[in-house]
Each structure stands twice: as C-alpha cells, then as structure tokens.
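*Asks:* Predicted model, plus sequence, below.
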Amino acid sequence: MRKLTKFGIEFVPQEAYWKTVFYSIQSERRGFDYLWITDHFNNRNVYATLAAIAIYTNRIKMGPGVTNPFLSHPVVTAQAVASINEMAPGRTVCGIGAGDATTLRMLGVAPQKVLTSVKEATEIIRRLTAGENVEMKGAFSVAGAKLNFKVKERIPIYVGAQGPKMLALAGAIGDGVLINASSPMDIQLALNHVRGGASEVGRKMDAIDVTAYTSFSVDEDEKNAIEAACSVVAFIVAGSPQEILERHGIPQADAQSIRDALGRKEWGRAFSSVTQEMLSAFSICGTPDMCSEKISTLLKLGVTQFVAGSPIGPNVRKSIDTIGERILPGLK
Amino acid sequence: MTMEEIAQSIPEEKLEDAWKVLVDLLLTSSKANLIPVEMSKAILSHWQCGTLNSRAGVQQLLEAAVYAEPEKAVGLLSAKLMLPGLAEMLARIERR
C-alpha cells in the first residue's frame, strides 16, 4: 500500500505564546499535516502551548516533539496528551525520546537506562491512554494507575531517535520514528537501524511513520536562507560526536573552533565559521526549488513524513507561506 | 484622534501591505510579551477568521504595535506605507 507523504513543522515555544499559535494557524492553512512542539523546561510549557493551538486549529495533528521520561513521569505525560486529545480529538500524537542533554544537565538530571526508560514510558503512555490499569516495576514504578477519563481516540507514539539503539527501539515499538537528521546519508543509515528493530519483532515498515526531523531554512534568496540556517547548524556541529563529523568529512578542528566561539558567546564568529559541508550535512536550506529537490531525495529513501524544523527561514511567516505555495504542492 | 480613527484613515489599497508590515513587526519583536492578552487573543481571532487584513484587524495590530514597538510602528507607517500623516497621529497617541 502506498503511503501518502505527510508534512510537519516544528516550533520552539521560546517567545510569547501567541506567536506560536499564530504560526500554527498559518501552518494548518498552508497544508501542513503535523505540528511538533519542542519540550524544554526553560521555554513555554509544551502542553500549555499545545492546548492553545488545539483551540485555534481544526485539522492539523499535534504533539510534543519530543518530551522525555526523565523530567516528566510517563503517567503525567499520558495525562497531558490525553487532555490535549480532548481539545483536539484524533489530532493528538506524542513524541518521546532521550531528552536534550544540555537542559537536563542544568537540572542535575543524569539520564540512566535511557533505552529501557523510553521503552517503558512508551508502554505506560500507550496503555494509560488506552484506558488500561497499569502496574509496572522497572525503570518506573507504577502501582495500579488509571486515568479517570476516557480517551476516545488512539494516540500514536513517535520515538525520537538519533543513535543506532534508539532507532532500532523506535522500529520495534513506535507508531512512528522521528529521525533527528537532515542528510540523505544519515537518514539512510538511520533507516537501516529502524528496519532492523522492526524486523526483530516481526513488524513491517508500513506500520511505522518514518519521519525526517530536519533543520530547515527556505527563502527565495538563497543567501538569506543560508544565513538563517547557520545559527542552528553551528549548534548542531558543536554538539555532534566525532563519529558523525567524520562521516560528513568535517574536520574536528573546525568543529572545535565553532565550539570555542559559542562557548565565548562570539556568535558572529561561530556562525560565520559554518561551512557548506556543515550546511549540507546538518540542514536542508536554500531556495524553494533547492529544498524541494532535497526533500524529494529523502522521500525516495522511504521517509513518509518530512518535518521542517528550526529555523524554518529568515522570516518564519514568509517561509511558511513559501513552503505552502512553492514546496508542498509539488510533493504531496 | 483614536486608534479606530487612524485605522479608518488608512486607504483601502494600503490595508494588505499594512497588516503584513505590522504583523511582521510584532512577530519579530522581542517585546511581543508586552501586548495585553486580550489584544493577542483578538489578533489570533482575526487571523483564524482570515480578517487580519480587514480594517478592524489592522486596528488591532496597530494597537498591539503601540504596546510593543511604538517607535518602529510610527517609522513603518511613515517609511514603508508612505503614510506620514497617520504616523504623526500614531506618535501623538503613543505620547499620551
């Protein structure tokens, strides 16, 4: 069975709530299928943001992209997505993963048993939102938990993944996988792990919404699109392990130079040190035609949902319009 | 002069440019959290209903702009929308 291509967009709720809602209304109108809202303790709360979006939209699906089981107990996450589903019935999804190491570290949280925790959290959220009474003793202790209200629709759970083991786990248990990568090479490698995980438990890839969760920037002027992408790519390069940098032919010294500049808050120097190789490895950016071609390549690999993640473009409002007018019609 | 009167004075053919210029000013402003919640809700309602480019929608945007970016709003009315007279009126409201 041929799968229809779906398009998602990611927003970071770091500014006044109404801006994220504004962009969400616009994204729905422009034909996006999914909204993913990031979950970091130092931004606006993901579920408060989703609640506001749910009220102002009618069709688009939405969920945390992604939450983690280390800051929010999975029972609380289940309660939260079930509540959002009451406001957006049949439109709620839940993305869960290992969490952002930097922000977790700020809270003194050192994730232990990451794979087991994500696996068990997924099971707890799935069973609670299905109306079950959950008892579990593992990474989480749940002694007879049940929601006091019924969730009418099934809430699909997407596993956010980058490393081989988490990707395989996503293939084994996820309704979808959110692959945190932008280049065809990384997506292809990731897909191999997802397939391996799915195959181990006898699942077919048709059952999994394979999502490329990319760093994206589009503008009619290529230079503007690149300039916007550089700030995000600089942080990705700085946080990437050596193995991934080597895979893309990025010298360790270049990455270290960006790390040092970011550490000293020399933003201009850090962003101007981003090379074309780095942009190609860690983002999809350029004119609408350039972006369409790159997205097309990912879809041919087996990606079933494409997510335009931060920064989206130099002017987010205009970039959402550009995607809706110039990119989606050719790919949907 | 009131904000409603300023909005009424914007020529019909300038409304489309006006809402885009003002909404971009607000969306890119780091002071957007200064906008009262009732005002932000009114903007979202207009946006949801597709009436942000109406006279009433532009009036909401102007009111919000005076809260978040008064000087820039006056400058944009004058420079980008070529409405120096209205910019002067807006500046007087801002000073009040």
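*Replies:* Yes, it's here. Numbers count the residues shown, from 1 in each chain, chains lettered A, B, ... in the order given.
*Asks:* Can you tell me which helix or strand of chain B has the lowest average pLDDT?
*Replies:* Across the helices and strands of chain B, mean confidence by mean pLDDT, DSSP states H and E is lowest for helix B:84-95: a mean of 80.
*Asks:* could you pull out the helices for the stretch 101-250 of chain A?
*Replies:* A:101-106, A:114-129, A:164-173, A:184-200, A:222-239, A:242-247 (DSSP state H, counting those that start in this stretch).
*Asks:* Now render the ones you listed as JSON lines, adding mean pLDDT.
*Replies:* What follows is the helices of the stretch 101-250 of chain A, written out as JSON lines (pLDDT from 0 to 100):
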{"stretch": "helix A:101-106", "mean pLDDT": "88"}
{"stretch": "helix A:114-129", "mean pLDDT": "98"}
{"stretch": "helix A:164-173", "mean pLDDT": "97"}
{"stretch": "helix A:184-200", "mean pLDDT": "97"}
{"stretch": "helix A:222-239", "mean pLDDT": "95"}
{"stretch": "helix A:242-247", "mean pLDDT": "92"}
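*Asks:* out of those, nearest to chain B?
*Replies:* Minimum separation from chain B across the helices of the stretch 101-250 of chain A (CB to the nearest CB) falls at helix A:222-239, 12.4 Å. From N, CA and C alone the C-beta is placed, and that goes for glycine too.
*Asks:* quick one: that closest one near chain B?
*Replies:* No: in terms of CB under 8 Å from any CB of the partner chain, no part of helix A:222-239 sits within range of chain B; the closest distance is 12.4 Å.
*Asks:* Which positions in that helix come out as buried?
*Replies:* Of the residues in helix A:222-239, those buried by neighbour count under the rule 16 or more other CB atoms under 10 Å in any protein chain shown are A:224-230, A:232-238.
*Asks:* among those, which two are most distant?
*Replies:* Of all pairs drawn from the buried residues of helix A:222-239, the greatest distance, 22.9 Å, lies between A:Asn224 and A:Ala238 (CB to CB).
*Asks:* circling back to that earlier point, Throw the helices of the stretch 101-250 of chain A into a markdown table and include distance to B:Gln60, thanks.
*Replies:* Compiled in a markdown table, those are given as follows (distance: least, CB to CB, whole Å):
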| stretch | distance to B:Gln60 |
| --- | --- |
| helix A:101-106 | 35 |
| helix A:114-129 | 38 |
| helix A:164-173 | 44 |
| helix A:184-200 | 43 |
| helix A:222-239 | 28 |
| helix A:242-247 | 47 |
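*Asks:* what about residue 44, neighbour count?
*Replies:* Looking at chain A here, since you left the chain open. Here the neighbour count serves as a burial measure; for A:Arg44 (other CB atoms under 10 Å in any protein chain shown) it reads 19.
*Asks:* sorry, should have said chain B
*Replies:* Other residues near B:Leu44 number 22, with proximity taken as other CB under 10 Å.
*Asks:* what do you get for B:Met3?
*Replies:* The criterion is other CB under 10 Å. On that basis, B:Met3 has 15 neighbouring residues.
*Asks:* was I right about it contacting B:Leu61?
*Replies:* No: under the contact definition of CB atoms under 8 Å, B:Met3 does not touch B:Leu61, with a separation of 10.3 Å.
*Asks:* quick check: longest strand of chain A.
*Replies:* Determined from DSSP state E, the single longest strand within chain A is strand A:209-218.
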